[in-house]
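Engineer: Sequence plus the predicted model coming up.
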Amino acid sequence: MLRKALMLAVAVLALCTYEVQADVIHSTWVGGEYGLWSNASNWNPHTVPDNSDWRNFAVTISGDVHVDLDINPIIDSLDTYGDVDLYGYGGAFAWLVVGNGFNNHGSLEIKQVAIEGPLTNITGARLELWYMDIAGTLYNRPGAKIEVYGPPDVDRVENSGLVTIFPSGTLYVAGEGLLNSGQIELRNGLCQIDSSLFENTSTGLVTGSGIICCDQQIRNEGIIYGSAGSLVVQSNSSLSNTGTLANKALSTLHVQTTEYMNNFGTIEVNAGGGVVFDCNLVNVQDPNATIRLLGGTLAAMTITQSADATFEGFGGITGDVVIDPNGVIKLTGPTNIVGDVNITANATLEVSDGTTLITGHTTNNGDIRVVNGDVIFQGGYSGSGLVQKD
């Protein structure tokens, strides 16, 4: 909070500075491998870049250099090339106001710096984030890479490249949301979005193990899958899926929401792991709504299969199952259902090429069709429907 308040004060000062017309000085780092921002001899021309009411600075830092921010400068722009480290001096936080934007064209590492203004990681560039703040939008362009090792605090993230969150790394998105049309890879890391949306567009891919936590809705039009362990996707509102939710082999995708999960896209459940919902799951009445069991376990409090949706495959199902009128579930291989099964009038459960074991009570007022297999009603059977075995 203190850092945010200080940044706001610096930003107000910056706005006051910009009200006056000023000359723009193009300032280039010439300080060698290590140096202080405040040392005029490290710059060409030999003037410390820090805006005043009569001159503004467009700054370029290039080469294999380490620059310590020992003051809190206000500048027009900053472009970095080569292999640049930008640190707060002596482990203390420094504040940098960049009115027209900060562009990284090379390999940039930032520690102990609070930035006011947009930061853009240009195509082909690499950005390494540690303990730092961005009061503005972080743009990661296609072909660019961001590596998160510390807990950067960012107002908004728009990612079209690759963001990797490493173990013990945390990406905090403070209030204006995260828009992903590239790839986000978690390696036992944490991505936390406060007070706003997480949007994974149709080209977006989210993968790995760790936690994604969002205060508001998560909208998935792309692909989210757990791999190399467990990926927890948590929303304090809801998750809307028109893309794909899945687990890789031997991994788990765990979805936690406070509302029903309505699936308009694809849920793919692979062997050796599963997809878990801490809520009720509805495979909605839509021809694009698909659940594929590929040997893994699908779990939810209640799983409702609607008409026109697709539910097929084999594996494990944990939770009560409801098949709505005109809905069909096709189980093609050995399957265990741990829960009650309710087949409503005009609904169908098809079993083929293996045995389906239902541990809960089965209420059948529709049709159960068995081809080249069997159904075991371990928890009892009732209803007026038919059981047909071919």
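Structural biologist: Looks like it arrived, so ask away. Fair warning: this is a prediction, and the values are worked out from it, not measured in the lab.
Engineer: By mean pLDDT, point me to the weakest helix or strand of the chain.
Structural biologist: Lowest on mean pLDDT, DSSP states H and E among the helices and strands of the chain sits helix 2-18, with a mean of 47.
Engineer: Following element in sequence after that helix, please.
Structural biologist: strand 23-29 (DSSP states H and E).
Engineer: Any buried residues in whatever helix or strand comes next after that following strand, and which?
Structural biologist: Moving toward the C-terminus from strand 23-29, the next helix or strand (DSSP H and E) is strand 34-36. For strand 34-36, burial by neighbour count (16 or more other Cβ atoms under 10 Å) applies to 35, 36. No exception for glycine: its C-beta is placed from N, CA and C like everyone else's.
Engineer: Likewise for stretch 267-282?
Structural biologist: Of the residues in stretch 267-282, 267-271, 273-277, 279-282 count as buried by neighbour count, 16+ other Cβ under 10 Å.
Engineer: Could you report the neighbour count for residue 320?
Structural biologist: Neighbours of residue 320 under the rule other Cβ atoms under 10 Å: 19.
Engineer: So what pairs up with it in the strands?
Structural biologist: Beta-bridge partners for residue 320, by DSSP bridges, are residue 302.
Engineer: what's it in contact with, if anything?
Structural biologist: Neighbouring residues of residue 320 by Cβ atoms under 8 Å, 6 or more residues apart in numbering: 301, 302, 303, 339, 340, 341, 342, 360.
Engineer: rewinding a little: would you convert the buried residues of stretch 267-282 into a markdown table that also reports distance to residue 35?
Structural biologist: A markdown table is the format used below for those (distance: Cβ to Cβ, whole Å):
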| residue | distance to residue 35 |
| --- | --- |
| 267 | 55 |
| 268 | 53 |
| 269 | 56 |
| 270 | 53 |
| 271 | 56 |
| 273 | 51 |
| 274 | 54 |
| 275 | 52 |
| 276 | 53 |
| 277 | 54 |
| 279 | 55 |
| 280 | 60 |
| 281 | 58 |
| 282 | 61 |
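Engineer: Can you give me the end-to-end span of stretch 383-390?
Structural biologist: One end of stretch 383-390 to the other measures 21 Å (Cα to Cα, to the nearest Å).
Engineer: can you list the residues that contact it?
Structural biologist: Defining contact as Cβ under 8 Å, 6+ apart, one finds that stretch 383-390 is touched by 343, 345, 362-372, 374-375.
Engineer: just how off-centre is it within its chain?
Structural biologist: Centroid displacement of stretch 383-390 relative to its chain, using Cα atoms, centre = their mean, to the nearest Å, is 45 Å.
Engineer: Report how many residues lie close to residue 176.
Structural biologist: There are 18 residues near residue 176, going by other Cβ under 10 Å.
Engineer: isn't there a helix covering it?
Structural biologist: No. Going by DSSP: H, G, I helix; E, B strand; the rest coil, the assignment for residue 176 is coil, not a helix.
Engineer: What residues does the residue nearest to it when sequence neighbours are not counted make contact with?
Structural biologist: Leaving aside its chain neighbours, residue 176 sits nearest to residue 156 (3.7 Å; criterion: Cβ to Cβ, 6 or more residues apart in numbering). For residue 156, the contact set (Cβ under 8 Å, 6+ apart) comprises 136, 137, 138, 173, 175, 176, 177, 178, 179.
Engineer: for the record, mean pLDDT for stretch 190-202?
Structural biologist: For stretch 190-202, the mean per-residue pLDDT is 94.
Engineer: Can you report how many residues lie near the residue nearest to residue 177 when sequence neighbours are not counted?
Structural biologist: Once flanking residues are discounted, residue 177 sits nearest to residue 196: 3.6 Å by Cβ to Cβ, 6+ apart. Summarising burial for residue 196: neighbours were counted as other Cβ under 10 Å, giving 18.
Engineer: Look at residue 196 and tell me its secondary structure.
Structural biologist: Three-state assignment for residue 196 (three-state DSSP): coil.
Engineer: Who are the contact partners of it?
Structural biologist: Neighbour list for residue 196: 173, 175, 176, 177, 178, 214, 215, 216 [criterion: Cβ under 8 Å, 6+ apart].
Engineer: One more pass at 10 Å, please.
Structural biologist: By Cβ atoms under 10 Å, 6 or more residues apart in numbering, the contact list for residue 196 reads 155, 156, 173, 174, 175, 176, 177, 178, 214, 215, 216, 217.
Engineer: where in this structure is pLDDT low?
Structural biologist: 1-21 (pLDDT under 70).
Engineer: Might one say that residue 28 is in contact with residue 47?
Structural biologist: No. Residue 28 is not in contact with residue 47 according to Cβ atoms under 10 Å; the separation is 11.3 Å.
Engineer: quick one: which of those two has more around it?
Structural biologist: residue 28 (16 against 12).
Engineer: ok, back up a step: buried members of the contacts of residue 320 into ChimeraX, please.
Structural biologist: If you want just the buried ones from these in ChimeraX, going by 16+ other Cβ under 10 Å, the selection is:
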select :302,303,339,340,341,342,360
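Engineer: Among the contacts of residue 320, which one sits closest to residue 43?
Structural biologist: Residue 43 has its nearest neighbour among the contacts of residue 320 in residue 301, at 62.8 Å by Cβ to Cβ.
Engineer: looking at it, the closest one is touching residue 281, isn't it?
Structural biologist: Yes. In this structure residue 301 lies within contact range of residue 281 using Cβ under 10 Å: 7.8 Å.
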